[in-house]
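Asks: the following comprises the amino acid sequence and a computationally predicted model.
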Amino acid sequence: MPTCMVCGRAAGQRCAGCGVAYYCGKDHQKLHWKQHKPDCSPVKEASSPQLGRYLAAARNLAAGEVVLREAPLIEAPPPSTQPVCLTCYKPLFETSARDCERCGWPMCGQDCANSPKHRGECRLTVQKRGNKMNIRNFGLPHPSYQCMAALRCLALRDAQPAKWRRLLEMEAHAEQRAGSQRQEQERFGVARFILRVFPKLRDDDKLTEEEILNICGILQVNGHEVPLSEPPSVAVYDKGSLLAHSCRANCAKSFSSSGDLVVRTALPVKAGEPLTICYTDPMWGTAARRQHLYDTKFFWCRCDRCVDRTEFGTYFSAIACPG
Ligand SMILES: C[S@@+](CC[C@H](N)C(=O)[O-])C[C@H]1O[C@@H](n2cnc3c(N)ncnc32)[C@H](O)[C@@H]1O
């Protein structure tokens with residue numbers, strides 16, 4: 001019989017967060033919370049030479065358990081988009097756009113202009129640009145939005161340094177990205193654009209092209225597409241960025257209406273095993289999945305499904321024999 005973490009008596013109630021701590025009742029659970037909080041999670045960080053850092057099960061997990069729920073570190077519209085409201089991502093047109101009175105970025109209205117979601121680029125535009133944005137072409141992809149995700153990362157630097165440090169710890173695959181077509185596009189479309197449009201970032205803060213390209217790498221390797229708006233936004237999560245990949249993932253991700261990442265186990269997971277999601281389309285064949293993972297996340301997948309030519313007896317990638 002488990003015993004209460006506080007009084008040592010027989011305990012019938014288990015902490016719903018970690019499933020490890022037991023209590024005799026609500027009062028002792030509340031009393032113990034401050035001490036227990038740092039250890040209270042069904043997941044823990046781990047690392048291995050093959051996966052780098054990853055999230056592992058802190059205990060045996062049943063299928064269907066929520067193992068992670070977290071708000072994004074940063075969220076932004078996709079890089080290629082027509083002007084959209086920077087809070088609700090509604091597409092904007094000449095008739096519906098209202099310039100933010102502080103920074104000039106077009107928004108859909110005052111409420112969205114005052115939202116904390118818009119605060120980062122609003123502050124950077126006021127402090128580091130010198131004058132307001134002046135976007136007048138609506139309805140077509142606009143180059144200014146290519147830099148929004150990187151700009152929101154940079155906004156964390158002064159405003160939320162703990163989050164900024166977590167972001168910089170993330171994998172950027174700088175060596176593999178060096179010289180790639182994508183990185184060269186980002187050099188012109190994001191890095192040089194930011195340094196030209198926000199000259200005080202270059203002149204006062206001494207921000208370099210390479211530092212911005214590192215952020216682009218972090219966004220490429222760790223970004224999640226969030227299908228809550230049209231166009232879908234992109235977001236980077238702190239612990240969520242540590243989920244490893246498998247083509248037969250043991251977890252599934254979804255998003256709450258406010259953009260929180262919610263991760264549930266899809267299969268039972270043993271204590272210590274990596275928690276995995278599928279970074280690619282599981283309905284593609286093995287060759288296409290592996291190539292896509294290599295091109296976008298820079299590793300050749302060797303998961304159970306990729307190394308099994310029959311893909312668990314399904315022959316999913318096989319072609320029908322004409323004979
Ligand atoms: C979103 S990050 C995950 C966190 C990362 N491992 C770290 O140390 O920061 C994605 C990167 O993790 C590594 N990774 C994830 N799943 C992997 C797998 N199944 N096999 C090999 N590498 C993997 C790859 O380097 C990939 O680009």
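Replies: Thanks, I have the structure now.

Asks: and whichever strand or helix holds Ala155, what's buried?
Replies: Using DSSP states H and E, Ala155 sits in helix 148-159. Neighbour counts over helix 148-159 (16 or more other C-beta atoms under 10 Å) mark 148-157 as buried. C-beta: built from backbone N, CA, C; applies to glycine.

Asks: mind giving me the packing neighbours of it?
Replies: strand 74-76, helix 119-128, helix 161-168, helix 193-197, helix 209-222 (3 or more C-beta pairs under 8 Å, 6 or more residues apart in numbering; DSSP states H and E).

Asks: any chance of TSV for those, columns mean pLDDT and distance to the ligand?
Replies: Shown next, in TSV, are the helices and strands packed on helix 148-159 (pLDDT from 0 to 100; distance: least, C-beta to the nearest ligand atom, whole Å):
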stretch	mean pLDDT	distance to the ligand
strand 74-76	97	15
helix 119-128	97	22
helix 161-168	97	11
helix 193-197	96	24
helix 209-222	98	5
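
Asks: for the stretch 201-323 of the chain, what lies in contact range of the ligand?
Replies: 221-222, 241-242, 244-246, 297-299, 301, 303 (C-beta under 6 Å from any ligand atom).

Asks: rerun at 5 Å
Replies: Proximity of the stretch 201-323 of the chain to the ligand (C-beta under 5 Å from any ligand atom) is limited to residues 221-222, 241, 244-245, 297, 299.

Asks: from those, which ones fall inside helices?
Replies: Taking DSSP state H as the definition of helices, those contribute 221-222, 297.

Asks: kindly indicate the member of the residues you listed with the most neighbours.
Replies: Using other C-beta atoms under 10 Å as the neighbour criterion, Asn222 leads those with 21 neighbours.

Asks: if you drop the residues flanking it in sequence, what lies closest to whichever residue of the stretch 1-150 of the chain sits closest to the ligand?
Replies: For the stretch 1-150 of the chain, the residue closest to the ligand is Gly52, as judged by C-beta to the nearest ligand atom, at 2.9 Å. Once flanking residues are discounted, Gly52 sits nearest to Glu171: 6.1 Å by C-beta to C-beta, 6 or more residues apart in numbering.

Asks: now the buried residues of helix 148-159 as TSV including pLDDT and distance to Pro282?
Replies: Listed next are the buried residues of helix 148-159 as TSV, based on pLDDT from 0 to 100; distance: C-beta to C-beta, whole Å:
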residue	pLDDT	distance to Pro282
Met148	97	30
Ala149	98	26
Ala150	98	30
Leu151	97	33
Arg152	98	30
Cys153	98	29
Leu154	97	35
Ala155	97	35
Leu156	97	33
Arg157	94	37
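
Asks: and the residues you listed, which two are the farthest apart?
Replies: Pairwise distances across these (C-beta to C-beta) peak at 15.6 Å, for the pair Met148 and Arg157.

Asks: what values do phi and psi take at Met5?
Replies: phi -60, psi -20 (degrees, to the nearest 10).

Asks: can you count the residues close to the closest residue to His142 other than its chain neighbours?
Replies: Excluding the flanking residues, the one nearest His142 by C-beta to C-beta, 6+ apart is Pro83, at 5.2 Å. Per other C-beta under 10 Å, the neighbour tally for Pro83 reads 25.

Asks: do Gln291 as well
Replies: Counted with other C-beta under 10 Å, Gln291 comes out at 14.

Asks: bridging residues for Arg14?
Replies: Counting by DSSP bridges, Arg14 is bridged to Tyr22.

Asks: what's the worst-scoring helix or strand of the chain on mean pLDDT packed up against?
Replies: Lowest by mean pLDDT, DSSP states H and E among the helices and strands of the chain is strand 13-14, with a mean of 88. Counting contacts by 3+ C-beta pairs under 8 Å, 6+ apart, strand 13-14 is packed against strand 22-23.
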